[in-house]
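A.B. asks: below is the sequence, then the predicted model.
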Amino acid sequence: MYSSLLTSLDNNILTITINRPDKLNALNKTVFTELNAVLDEVYGNPEIKSVILTGAGEKAFVAGADITEFKGLSTEAARQMAVHGQDTFFRIEHSPKPIVACVNGFALGGGCELAMSCHFRIAATQAKFGQPEVNLGLLPGYGGTQRLVQLIGKGRAVELLMSAAMIDANTALQYGLVNYVVPQEELLAKATGILSLINTKAPLAVAACITAANAVFDETKNGFAVEADEFAKCFATEDMIEGTTAFVEKRKAVFKGR
Ligand code: COA
């Protein structure tokens with residue numbers, strides 16, 4: 001169905017694999033078009049409760065935006081390219097369903113930005129992270145300057161941005177950029193375990209957690225007010241009645257996402 005993505009749906013978890021291994025899964029226009037199409041599915045298909053995002057092969061998650069598409073761009077076309085990439089990654093960050101990056105190798109440039117737009121990250125032991133854009137006379141354009149500061153703090157972030165230095169998985173763990181480091185062969189199983197647990201929870205409440213957490217970084221919003229609104233909205237759901245009733249009745253809740 002897609003030319004540059006592989007998708008498979010298993011136990012309500014959609015695995016999306018960026019599939020250009022001969023180009024280290026670099027993000028070209030086709031990948032962006034297909035990512036947006038698969039995000040339509042994620043947002044709209046009730047069979048999908050959560051998502052794993054990874055890269056094909058053992059070498060790279062994503063080695064960045066496809067540099068061959070940069071040639072000859074006007075400043076206006078470059079701005080549009082950045083805004084389009086930012087919009088796509090914003091849709092990942094604001095997905096009502098959890099999206100976890102399984103970083104199986106190089107996550108450089110747009111690849112690191114893509115991983116950072118996911119709700120959290122799990123790294124394989126050999127994963128490497130970096131924003132090497134200054135090597136190309138550029139800075140990150142898909143939200144990397146913003147999310148790297150949010151995730152690891154300004155001092156560490158600007159050092160990485162300005163030096164183009166790569167960090168290994170354990171340094172990423174120490175910085176809080178990833179939640180876990182596991183051997184490559186355990187990467188998808190680790191994510192599947194966490195998402196299978198999340199998939200047993202009330203879906204609208206899970207979505208509310210994402211909305212409220214994202215509000216921390218949105219200057220147009222008061223995060224505490226967003227939290228209170230989301231809390232109030234949960235009281236109007238069948239799942240809240242089911243969850244609280246099941247607790248009192250000492251049984252396991254069965255959530256319907258309503
Ligand atoms: N855009 C387009 N093509 C890319 C790419 C990118 N970001 N990253 C890798 N590729 C391609 C290479 O051109 C090469 O293609 P070829 O076989 O047709 O020549 C192929 O992927 C394999 O990459 P190669 O550089 O040969 O692998 P390596 O093991 O020697 O080096 C990296 C791996 C990741 C260190 C290196 O590919 C690299 O530095 N990539 C660019 C990273 C970057 O600057 N990203 C930010 C972009 S804004």
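C.D. replies: Done, it's in. Numbers count the residues shown, from 1 in each chain.
A.B. asks: list the contacts of the strand or helix carrying residue 129.
C.D. replies: Residue 129 belongs to strand 128-130 when assigned by DSSP states H and E. By Cβ atoms under 8 Å, 6 or more residues apart in numbering, the surrounding residues in contact with strand 128-130 are 103, 105-109, 112, 115, 123, 160, 164-169, 172, 177. For glycine as for every other residue, the C-beta is placed from the backbone atoms N, C-alpha and C.
A.B. asks: need the pLDDT of the residue nearest to residue 257 when sequence neighbours are not counted.
C.D. replies: Nearest residue to residue 257 in three dimensions, chain neighbours excluded: residue 203, at 3.9 Å (Cβ to Cβ, 6 or more residues apart in numbering). Confidence at residue 203, expressed as pLDDT, is 98.
A.B. asks: ok, and does stretch 43-62 reach over to the ligand?
C.D. replies: No - for a cut-off given as Cβ under 6 Å from any ligand atom, stretch 43-62 has no contacts with the ligand; the smallest distance is 6.5 Å.
A.B. asks: C-alpha coordinates for that stretch, PDB please?
C.D. replies: Listed next in PDB are the C-alpha coordinates belonging to stretch 43-62 (Å, rounded to 0.1, in the frame of the first residue of the first chain):
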ATOM      1  CA  TYR A  43      -6.200   9.200  14.000                       C
ATOM      2  CA  GLY A  44      -9.300   7.600  12.400                       C
ATOM      3  CA  ASN A  45      -9.100   3.900  12.700                       C
ATOM      4  CA  PRO A  46     -10.500   2.600  16.100                       C
ATOM      5  CA  GLU A  47      -8.700  -0.700  15.600                       C
ATOM      6  CA  ILE A  48      -5.400   1.200  16.200                       C
ATOM      7  CA  LYS A  49      -4.900   1.900  19.900                       C
ATOM      8  CA  SER A  50      -1.200   2.700  19.800                       C
ATOM      9  CA  VAL A  51       1.800   2.900  17.500                       C
ATOM     10  CA  ILE A  52       5.400   1.900  17.200                       C
ATOM     11  CA  LEU A  53       7.600   3.900  14.800                       C
ATOM     12  CA  THR A  54      10.900   2.400  13.700                       C
ATOM     13  CA  GLY A  55      13.300   2.200  10.800                       C
ATOM     14  CA  ALA A  56      14.100  -0.700   8.400                       C
ATOM     15  CA  GLY A  57      17.400  -2.500   8.800                       C
ATOM     16  CA  GLU A  58      19.900  -2.600  11.600                       C
ATOM     17  CA  LYS A  59      21.800   0.500  10.800                       C
ATOM     18  CA  ALA A  60      19.500   3.400  10.900                       C
ATOM     19  CA  PHE A  61      16.300   4.600  12.400                       C
ATOM     20  CA  VAL A  62      16.300   7.700  10.100                       C
END
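A.B. asks: quick check: buried residues in it?
C.D. replies: Under the neighbour-count criterion of 16 or more other Cβ atoms under 10 Å, stretch 43-62 has 48-57, 60-62 buried.
A.B. asks: just stretch 14-21 next, same as before
C.D. replies: 14-20.
A.B. asks: average model confidence for that stretch?
C.D. replies: 98.
A.B. asks: ditto for stretch 109-120
C.D. replies: The model assigns stretch 109-120 a mean pLDDT of 98.
A.B. asks: just to revisit the earlier point, for the strand holding residue 129, give the mean pLDDT please.
C.D. replies: On average, strand 128-130 scores 98.
A.B. asks: any low-confidence regions in the stretch 151-258 of the chain?
C.D. replies: Along the stretch 151-258 of the chain, the model assigns pLDDT under 70 to no residue.
A.B. asks: give the pairing partners of the one helix or strand residue 53 maps to; include direction for each.
C.D. replies: Taking DSSP H and E as the criterion, residue 53 maps to strand 50-55. With DSSP bridges as the test, strand 50-55 is paired with strand 13-18 (parallel), strand 99-103 (parallel).
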